[in-house]
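*Asks:* Coordinates for the following, if possible.
(chains A and B)
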There are 2 protein chains.
Amino acid sequence: MVKRILDAAGAGPGDAVEVKGEGWVHKGVVMPHHSFSGNDVLTLKLPNGYNVGIEAGNIKQLTLIAKGESTSRMTRPLSSQESKPTVAFLGTGGTIASYVDYRTGAVHPAVTIEEVVFSVPELLDLCNVRGKAVFSMYSENMLSEHWSKIAEEAAKELNEGAHAVVVPHGTDTLHYTAAALSFMLKNLTGPVIVVGSQRSSDRPSSDAAMNLLCTAKLAEANLGEVVVVMHGNTSDDYCSIHRGTKVRKMHSSRRDAFRSINQIPLGKVSTKDGAELSPIAKPRARGTVSVDSKWDDNVSLVQFHLGLKPETLQGVVDKSNGLVVAGTGLGHVASNLIPVLKRAVDASKPVVVTTQCLSGRVGLTVYDTGRDMIEAGVIPGEDMLPEVALVKLMWVLGHTRDMKEVSRLMRTNVAGEINPAISLQEYESE
Amino acid sequence: MVKRILDAAGAGPGDAVEVKGEGWVHKGVVMPHHSFSGNDVLTLKLPNGYNVGIEAGNIKQLTLIAKGESTSRMTRPLSSQESKPTVAFLGTGGTIASYVDYRTGAVHPAVTIEEVVFSVPELLDLCNVRGKAVFSMYSENMLSEHWSKIAEEAAKELNEGAHAVVVPHGTDTLHYTAAALSFMLKNLTGPVIVVGSQRSSDRPSSDAAMNLLCTAKLAEANLGEVVVVMHGNTSDDYCSIHRGTKVRKMHSSRRDAFRSINQIPLGKVSTKDGAELSPIAKPRARGTVSVDSKWDDNVSLVQFHLGLKPETLQGVVDKSNGLVVAGTGLGHVASNLIPVLKRAVDASKPVVVTTQCLSGRVGLTVYDTGRDMIEAGVIPGEDMLPEVALVKLMWVLGHTRDMKEVSRLMRTNVAGEINPAISLQEYESE
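*Replies:* Sure thing, here's the model as predicted:
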């Protein structure tokens, strides 16, 4: 039906049109038909950059304003211009690559990387685009095999000359992937940028376009880390650049949901001003990017809570090769759980302790409880986020089961996940 | 040995003394001997208000400067002066009532309420003090029986004329107790203020004194809610007043670790300016305070994480009467876990879904995953914190096992734990 309306007006993708309905009118550019948007929906790019989806049944009149010069932009080949950085987009699914099915209201992931890029054609002004959809899935279903696949593709792209790799990703577990890539990718010759959007590109307040454009802008920077780029505040001013091992989704719906924890952001980036990096951001390495992707998926994360029974915790331990505990405060659990942790350690199942406060550092030498836990053989997770400690323990156990070596690696900074303990003086002045 | 040194100088508690050691000198007021401070430690209150502990062996010389006028203050009876509010202190243990044992470095809880009050004698300038130590324990070991005991004592004190009840508490699970009291205590005729300290009163940066003094100041206010009062920022400017069901410990060590989540604080309070309350703070009720303290302790809180296996989750479900899940983003779990949740619901074990983002609201109608979870029968936890949903489910299951009634109660605001869903417009403007 949309096609018929467009054909009748002599309009097609890339053309500027005026669309009238009952009490409303929209002017914009017709977007390419999307496999998931449904046959009866017209997607229009408005002058403010937002996309709007209009049900065919609601269209009273559609008039061609101008055959679009933008047609050429949208359909031009994704080939190389030397003045621009080359960015490899590795699609994985998620809201950033999603379209609302207007019939059911459901959000579906985009399948091809072209669908992602065509949803924000301005990307082509900033960079040469290449890449592919590595897979397309809801991020809550990912596992280490998916992380490895992304890492391998990212290394390949960088080693084949890409200036940056951008990984559009579902936001739910975006920080898991960022941490996993941080541990796997060695000698990064360019940034690997994990990006998502909290609101799909069909919604007026979508953050998809700005977030993607900011990643393209960051491709120019001298950055050799895995980072997360997402809205830095509730306006459309800039995106924050978060270190891949120090970031977490801290709000279910806000566009600035991602926050650096125990770490100031590595910088900010906007299409207007480009990227501004902190001195702690790692510059590009020279040489070849390599991937170290050995994993043990059988690790559990348990958030201690009042009422958690020893037999429940024991049940989790029995089914796992290792355990990350998110304790209260400085990393505590109830006294009756400490024997369970000791038995785990005695059975060569490492137990890493983090804090469910999220911010701050564990400190297991301050109170009796902590000292008893140390006595039981737990590994202090320093200032690592629980999820990052989980990903790291999965990665470490993929390499060694030697308890001493596991403990050493877990307490050694590998990819920016552990900051040095601050001095008492700094701590007091907090 | 300390006693001998004091006796030799003719000095005792309340007297101003000068103490010299190797390369240092302290002037201050001798504090009463504390049962946990050890026989060989002298505790001195310095002019800046901080306490310092000095090992007897390090004292070279102790000179009496003045017989203390403050003696009378510290030893005066805790009796009533009509011009001041009467505050009942219900000690439960924790850092706020702790003293460092200088021999071992360990932190021990104070046992009597006098020990708490005498550590901050200025309290007696602000209020008439009464109360008792209900118990003394590390807060990570508490359960509903402890919450009920506190609630019963709090109700009794208010019904016997106290203007406010202050509950000094360990910070690790302070927010659990605040939530539990919020659900149990009905018709509050005055504030029930849960307070802790992040650093014990022996340390220069202790927040114990200021936090306690702020609770005494808040006793004057027209407030009929359970609240948490803790440092509002990293300075000693003011304390924030947090609603008991909307607060969480968000840093392992900072003094301003407690933050209101999904709720602006109810106000702030300082000894200088008194209390400033927001219009949403509930005023004192008239009549009699009552307690509704039926609990089911057998509820589990599971934070979903990538790699969580269905059989592990099933093991937790098997051992619980109900489950709170902290899902990713809008409340999601991996697809392979949804059948486990469905079996739990089918076995009349309610499953409440919250978000591990902590901030924001669950939204299970946006994506397929959420809709599948709704289909499985989970209860959306709205904007409740995971720990608050846990405490509430324990409380609700203490009253009914009827699945429909559980669902209704969990989705009904009982004590400020659920805010109305904001409109799409408010949401977009976030």
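*Asks:* which regions of the stretch 201-350 of chain A sit below the pLDDT cut-off?
*Replies:* A:202 (pLDDT under 70).
*Asks:* so where do the helices sit in it?
*Replies:* For the stretch 201-350 of chain A, the helices defined by DSSP state H, counting those that start in this stretch occupy A:208-218, A:310-318, A:338-346.
*Asks:* Let me know whether residue A:244 touches residue A:181 as I believe.
*Replies:* Yes: taking contacts as CB atoms under 8 Å, residue A:244 lies within contact range of residue A:181: 6.2 Å. Using the backbone N, CA and C atoms, a C-beta is placed for each residue, glycine as well.
*Asks:* what touches both of these two?
*Replies:* Residues touching both residue A:244 and residue A:181 by CB atoms under 8 Å, 6 or more residues apart in numbering or on different chains: A:192, A:194, A:226.
*Asks:* Which members of those residues are classed as buried?
*Replies:* A:192, A:194, A:226 (16 or more other CB atoms under 10 Å in any protein chain shown).
*Asks:* Looks like the first one contacts residue A:228 (just checking).
*Replies:* No: here residue A:192 lies out of contact with residue A:228, judged by CB under 8 Å, at a distance of 10.1 Å.
*Asks:* shared neighbours of these two, which are they?
*Replies:* By CB under 8 Å, 6+ apart, the residues touching both residue A:192 and residue A:228 are residue A:244.
*Asks:* Now do the SS call for residue A:28.
*Replies:* strand (DSSP: H, G, I helix; E, B strand; the rest coil).
*Asks:* Revised request: answer the last question for residue A:170.
*Replies:* Strictly by three-state DSSP, residue A:170 counts as coil.
*Asks:* And for it, the neighbour number?
*Replies:* Neighbour count for residue A:170, taken as other CB atoms under 10 Å in any protein chain shown: 28.
*Asks:* Same question for residue A:161.
*Replies:* Counted with other CB under 10 Å, residues neighbouring residue A:161 total 12.
*Asks:* Could you find the closest non-adjacent residue to it?
*Replies:* Of all residues not flanking residue A:161 in the chain, residue A:86 sits nearest, at 6.5 Å (CB to CB, 6 or more residues apart in numbering or on different chains).
*Asks:* What does the pLDDT read for the one you found?
*Replies:* pLDDT, residue A:86: 95.
*Asks:* Quick check: bridge partners of it?
*Replies:* residue A:128 (DSSP bridges).
*Asks:* Can you pull the phi/psi pair for the residue of the stretch 1-150 of chain A found nearest chain B?
*Replies:* Nearest residue of the stretch 1-150 of chain A to chain B, counting by CB to the nearest CB: residue A:140, 4.5 Å away. Backbone torsions for residue A:140, taken as degrees, to the nearest 10, come to phi -70, psi -10.
*Asks:* who's in contact with it?
*Replies:* A:170, A:172-173, B:304, B:306, B:327-329, B:332-335, B:369 are the contacts of residue A:140 under CB under 8 Å, 6+ apart.
*Asks:* 10 Å - rerun?
*Replies:* A:170, A:172-173, A:176, B:304-306, B:327-329, B:332-335, B:337, B:367, B:369 (CB atoms under 10 Å, 6 or more residues apart in numbering or on different chains).
*Asks:* This completes my enquiry, with thanks.
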